[in-house]
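In: okay, structure incoming, though there's no sequence with it:
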C-alpha cells in the first residue's frame, strides 16, 4: 500500500464569542463537540469539511481565524 505524504494541515483558530444559552440543543452540542467549555475560549482544529460544517451551524456564536477563514 503506498504511503501517504504528510502535508502541513491548515489550522483554524475558533473562538466562542457568544453564549449558547437560549439556542437549540443541537447548537449547544455542536459547541461542546468543537471543544468549548467557556465563553471567549479559543480552540484549534484542522481545516476539514467536518469542522467547516460545524462552524457553519454555529457561525453566529463563534469567530474563525486562520487560513482563508470563512
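Out: Great, that's in hand. Quick caveat, the model's predicted, so the values are computed rather than measured.
In: in space, what's closest to residue 13 - neighbours in sequence excluded?
Out: Nearest residue to residue 13 in three dimensions, chain neighbours excluded: residue 65, at 4.4 Å (Cβ to Cβ, 6 or more residues apart in numbering). Using the backbone N, CA and C atoms, a C-beta is placed for each residue, glycine as well.
In: which residues of the chain fall in helices?
Out: Ranges of helices in the chain, per DSSP state H, are 25-33, 49-57.
In: same list (those helices) but as JSON lines, adding distance to residue 15.
Out: Below are the helices of the chain laid out as JSON lines (distance: least, Cβ to Cβ, whole Å):
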{"stretch": "helix 25-33", "distance to residue 15": "12"}
{"stretch": "helix 49-57", "distance to residue 15": "11"}
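In: now distance to residue 16 and mean neighbour count too, for the ones you listed, in TSV please.
Out: Shown next, in TSV, are these (distance: least, Cβ to Cβ, whole Å; neighbours: other Cβ atoms under 10 Å):
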stretch	distance to residue 16	mean neighbour count
helix 25-33	7	15
helix 49-57	11	14
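In: if we can go back for a sec, for the residue nearest to residue 13, what are its contacts?
Out: Neighbour list for residue 65: 12, 13, 14, 15 [criterion: Cβ atoms under 8 Å, 6 or more residues apart in numbering].
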